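>>> A predicted structure for the sequence below; I have some questions about it.
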Amino acid sequence: MAPTVIAAIDLATYGQDTTQGLTPQQLTYVSNVFARVTPETVDHALSHLQQSVGRYTNYLGATLLSTDHIVSLLDAGAAKVFVTAEQLQQLLALKIDQDRIVLCLPGRTKEENINAIAGTAVDVYYHDVQDVSIVEAWLKEYGTDRPDVFISFANPDLESALLISKLKAIPVLPAQSLTVDSQKEPNLLSVAKIVMANATSDRADGLFTTLVVDERRTALGLVYSNEESVAESLRTGRGVYHSRKRGLWYKGESSGDVQELVSLSLDCDSDCLQYVVRQKGRGFCHLATPTCFGQYTGLSRLQKTLQSRKESAPAGSYTARLFNDPQLLRAKILEEATELCDANTKEEIAFEAADVFYFALTKCISAGVSLEDVERNLDAKSIKVKRRQGDAKPAFMGGSANTGSQKEVVKEAASIPKSKDDPAGTKNGRIAMKRLDTTNETPQTILKALQRPSQRSSDKIIAICNPIIEAVKTRGDAAVLEYTHKFEKATSLTSPVLKAPFPESLMTLRPETKEAMDISFENIRKFHAAQKEDKPLIVETMPGVVCSRFARAIERVGLYVPGGTAVLPSSALMLGVPALVAGCKKIVLATPPRADGSVTPEVVYAAHKVGAEAIVLAGGAQAIAAMAYGTESISKVDKILGPGNQFVTAAKMIVSNDTNAGVSMDMPAGPSEVLVVADATANPVFVASDLLSQAEHGVDSQVICIAVGLNETQLAAIEDELHSQAMALPRVDIVRGAIEHSITLCVATIEEAMTLSNEYAPEHLILQVQHAEKVVDLVENAGSVFIGPWTPESVGDYSAGVNHSLPTFGYAKQYSGVNLGSYIKHITSSNLTKEGLAAVGPAVMELARVEELEAHRRAVSLRLGVA
Ligand SMILES: NC(=O)c1ccc[n+]([C@@H]2O[C@H](COP(=O)([O-])OP(=O)(O)OC[C@H]3O[C@@H](n4cnc5c(N)ncnc54)[C@H](O)[C@@H]3O)[C@@H](O)[C@H]2O)c1
Ligand SMILES: N[C@H](CO)Cc1c[nH]c[nH+]1
Ligand SMILES: [Zn+2]
């Protein structure tokens, strides 16, 4: 949009309040300034441009400058530079956008001027004009052919300015000669008059239609103006309009919902005014909504919510937590950015981008930065001449750029230094759990400290999984393969399944590994076989009324073996051995293949040992969907079991809720966790090693230490061990991520420790305390318990015989871990004699009568021959 008036300022003294003419604040209403820059003032101009980002449009006289200087000024945000004919040629040779150049015309003869601009589309500038009539003649003949014509006067007066405006040229007037208060300063030139000189009204009452918008250009409402209201608006710096009922209308005068004027301008054909305002109070509309068209939407709405949360967030609200915990906010921004990078479908990308905006805006609002500030920066960047190469910093390139895999990026993010005063976040800094002495804390604070690391909200994960499941359901093998190519990068794979019998060549193991697997297999088998019910349960409830319950194996089971961040053949055993013991007829394993399309030989060996009919070469939601619905080459199953990341867990939940799928699931088994209760008898080396054994699973793992009656020296011993053992681990970066949201709680008694542990309901509970066996009596909620100093949790992970597929995230309050019962359903039976029916029949008939189910009653009465 062409400006209506330009205020020329003296760059050297800019910023100082003037006693005469426009103040710096008033300059922003006009929104366009012009300043001459010399080689001596270039630096000042550059810093001035930075400070004035978005406050007004900067036009700069650059006739004395080198092209290098001119380019830097344009790059720093100058809208246009005013140059000589010679400079123009140099700039055109540099391919500078012609729209950013204004040629200062010598103005001697018409022909000379025409020649100077021939073949270009630049704007022109007549400066220090003595005789307005000459320019007037020129404008009438040629002016409107040019994009924009700027005029400055040797002796500016209102009449000349108005004349020029009416001819659709732009007057450049010294800021000192302009005023927004012509009543007070009759000798100055009225901005209101100049702005409105060119305005036309298409209304019978001569009022100007006025669109009121906020700084993001969201329409707040429609009002009317006249020259008087515009003058008042400029004078007061407020939204002032003309009400058709009440005349001059100072918006918000009675309601308090006033508006700060930001700028005003005319539209392309000068018949509509646009007021840009900062709305205060409840909003623009008399109905107390932000706009006359209703509520804000999108980012504006989010900004409003965040701003009000910042002022008074409800205690415990997530946003309040983010405002108060910069580390959490930082982690969320990194996490969401990573997830956006990994998103693929349109839906996923929109979903993840929305989250990135949410957390980024939370960061801005907490620092007092508004969306408007951000958008001003975007606008300034968009007019840059020299663009940055756009290469990423080395820390962000690494493996993630090569592989594009989520785990690499998370790893990367976890290892980026957090802040100078956060040693746990630095590469070589100390790895330390937070510590909380519960004696001085409220129960709420303690429970808060025990919160699991925030997970991606389930609706978000579900939104990612749904299209994957749908694709597999409708397109079968082809869709499974596509997702495997995408997530596992196994692009050479042409079939999504490896069928038994598995060739020996695919399960060649080191003898030690084979032996270890065989020992583990046998222990798991023994423990699960012992869980078998050897005979049906039979109870004669009345003479001749025999009830029984007997077990049958679920016929077809699908076992998910995780393979994202680590390959887990042990999970194949933990899931497969009980299926074999239970007698499931069809066992299907699924696991993400390696990038070359192959499966870890240990997993193939486990599949072979448990008698699996096939291995589905897929991970995540696609593997779960394939087993739930079946495909051309993958058998449908009746129940899906196995741990996995959030995509796996969400997909299990989705398919088990689909009545058309006819499939059930075991339980939510997500990121690993351990809670160690340690007293003064515990060995710090053992305690630290147990904590680290689960911390190394993933950055989303959590480990808790409850220290019972430990003094400072004993606590420090555990912490020193934790740090030094962690630093020696190959997965130290993952450990560091997990330890960041892990904690030591200091309590006085074992009873307190167990109360907290039961509330947390850990997946694994380790008791390294005196009389550990006795403490088991106090355990109410836990997936699996490890008792005494000689029982590290890893024995349960691999070889002791107990199952390692266990409920996490507090689900140990209501779920058991995988056990033989997970593969079995119970059927009941009744068997009555004639006497038995005679004994129980009257009760049945009476209840059928109460329920008015006559056919039920007759099934008994007809047999007994009674009415
Ligand atoms: N609770 C238990 O009993 C238990 C036992 C063993 C393992 N675990 C846990 O299981 C988890 C295993 O997770 P994992 O990631 O290593 O392996 P995984 O096999 O569960 O998940 C990998 C799959 O996730 C999918 N995926 C990854 N990013 C995706 C995205 N952006 N969109 C859609 N799908 C995506 C891919 O299909 C990939 O194949 C760990 O958290 C571990 O601690 C728990
Ligand atoms: N600790 C994991 C369950 O949370 C299981 C596992 C497999 N391998 C090693 N550990
Ligand atoms: Zn483990």
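In hand now; what should we look at? Ligands and ions are numbered 1, 2, ... in the order given.

>>> point me to the residue of the stretch 701-850 of the chain nearest ligand 2.
Using CB to the nearest ligand atom, the closest approach of the stretch 701-850 of the chain to ligand 2 is made by residue 797 at 3.6 Å. Any C-beta I mention is one placed from the backbone N, CA and C, and that applies to glycine too.

>>> counting neighbours, what do you get for the closest residue to that residue other than its chain neighbours?
Among residues not flanking residue 797 along the chain, residue 804 sits closest, at 4.8 Å (CB to CB, 6 or more residues apart in numbering). Number of residues near residue 804 (other CB atoms under 10 Å) recorded here: 27.

>>> you'd agree residue 804 is up against residue 796?
Yes - taking contacts as CB atoms under 8 Å, residue 804 lies within contact range of residue 796: 5.8 Å.

>>> next, show the common contact partners of the two.
When contacts are counted by CB atoms under 8 Å, 6 or more residues apart in numbering, residue 804 and residue 796 have residue 784 as shared neighbours.

>>> around ligand 2, which positions in this protein sit nearby?
568, 570, 571, 672, 763, 797, 804 (CB under 6 Å from any ligand atom).

>>> quick one, phi psi at the second one?
Here is the backbone geometry of residue 570 (degrees, to the nearest 10): phi -60, psi -30.

>>> distance of it relative to ligand 1?
Distance of residue 570 to ligand 1, given as CB to the nearest ligand atom, to the nearest Å: 8 Å.

>>> and the pLDDT at the nearest residue to that residue once chain neighbours are set aside?
In this structure, residue 570 finds its nearest non-sequential neighbour in residue 798, 5.1 Å apart by CB to CB, 6+ apart. Residue 798 carries a pLDDT score of 98 in this model.

>>> quick check: residue 798 touching residue 521?
No - Residue 798 lies out of contact with residue 521 (CB under 8 Å); the separation is 10.7 Å.

>>> so where's the stretch 451-600 of the chain uncertain?
Along the stretch 451-600 of the chain, the model assigns pLDDT under 70 to residues 454-457.

>>> residue 682: which element?
Using DSSP states H and E, residue 682 sits in no helix or strand.

>>> ok, it touching residue 769?
Yes - counting by CB under 8 Å, residue 769 is a contact partner of residue 682 at 6.8 Å.

>>> next structured bit after the lowest-mean-pLDDT helix or strand in the chain?
Ranked by mean pLDDT, DSSP states H and E, the weakest helix or strand in the chain is helix 406-415, scoring a mean of 36. As assigned by DSSP H and E, the chain's next helix or strand after helix 406-415 is strand 434-437.

>>> buried sites along that following strand?
residue 436 (16 or more other CB atoms under 10 Å).

>>> please compute how far that strand lies from its chain's middle.
Strand 434-437 sits 29 Å away from the centroid of its parent chain (CA atoms, centre = their mean, to the nearest Å).

>>> pull the residues that contact the first helix or strand past it going along the chain.
Next helix or strand after strand 434-437 toward the C-terminus (DSSP H and E): helix 443-449. Contacts with helix 443-449, where a contact means CB under 8 Å, 6+ apart, come from 434, 436, 438, 441, 743, 745, 756, 759.

>>> buried ones in helix 443-449?
Within helix 443-449, judged by 16+ other CB under 10 Å, the buried ones are 446, 449.

>>> starting at the chain centroid, how far to it?
Relative to the mean C-alpha coordinate of its chain, helix 443-449 is positioned 26 Å out (CA atoms, centre = their mean).

>>> could you pull up the mean pLDDT of that helix?
89.

>>> following the chain onward from that helix, which element is next?
helix 458-488.

>>> contacts only, for the residue in the stretch 551-700 of the chain that ligand 2 sits nearest to.
Taking CB to the nearest ligand atom, ligand 2 has its nearest neighbour within the stretch 551-700 of the chain at residue 672, 3.3 Å off. Counting by CB under 8 Å, 6+ apart, residue 672 touches 694, 697, 698, 701, 763, 764, 808.

>>> for residue 616, see how far away the nearest residue to residue 482 once chain neighbours are set aside is.
Leaving out its chain neighbours, the residue that sits closest to residue 482 by CB to CB, 6+ apart is residue 471, at 7.7 Å. Here residue 471 is placed at a distance of 15 Å from residue 616 (CB to CB, to the nearest Å).

>>> how about residue 157?
For residue 157, the distance to residue 616 (CB to CB) stands at 86 Å.

>>> same check on residue 602?
According to CB to CB, residue 602 stands 17 Å off from residue 616.

>>> the two: who's more crowded?
residue 616 (31 against 21).

>>> direction included, what does the helix or strand hosting the more buried one pair against?
Here residue 616, judged by DSSP H and E, is contained in strand 614-617. Sheet pairing for strand 614-617, assigned by DSSP bridges, gives strand 497-499 (antiparallel), strand 586-591 (parallel).

>>> CA atoms of the last one as CSV?
Coordinates of each C-alpha in strand 586-591 appear next as CSV, following Å, rounded to 0.1, in the frame of the first residue of the first chain:
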residue,chain,number,x,y,z
LYS,A,586,-1.0,-70.3,16.7
ILE,A,587,1.9,-68.0,17.8
VAL,A,588,2.8,-65.0,15.7
LEU,A,589,5.7,-62.8,16.6
ALA,A,590,6.2,-59.2,15.4
THR,A,591,9.3,-57.1,15.6
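
>>> I'd like the distance between the residue in the stretch 351-500 of the chain that ligand 1 sits nearest to and residue 52.
In the stretch 351-500 of the chain, the residue that lies nearest ligand 1 is residue 487 (3.9 Å; CB to the nearest ligand atom). Separation of residue 487 from residue 52 (CB to CB) stands at 48 Å.

>>> I'd like to know which elements the helix or strand harbouring residue 350 is packed against.
Residue 350 belongs to helix 346-366 when assigned by DSSP H and E. When contacts are defined as 3 or more CB pairs under 8 Å, 6 or more residues apart in numbering; DSSP states H and E, helix 346-366 packs onto helix 298-312, helix 318-324, helix 326-342, helix 371-382, helix 458-488.

>>> report the buried residues of that helix.
Using 16+ other CB under 10 Å as the test for burial, helix 346-366 gives 348, 351-352, 355-366.

>>> this completes my enquiry, with thanks.
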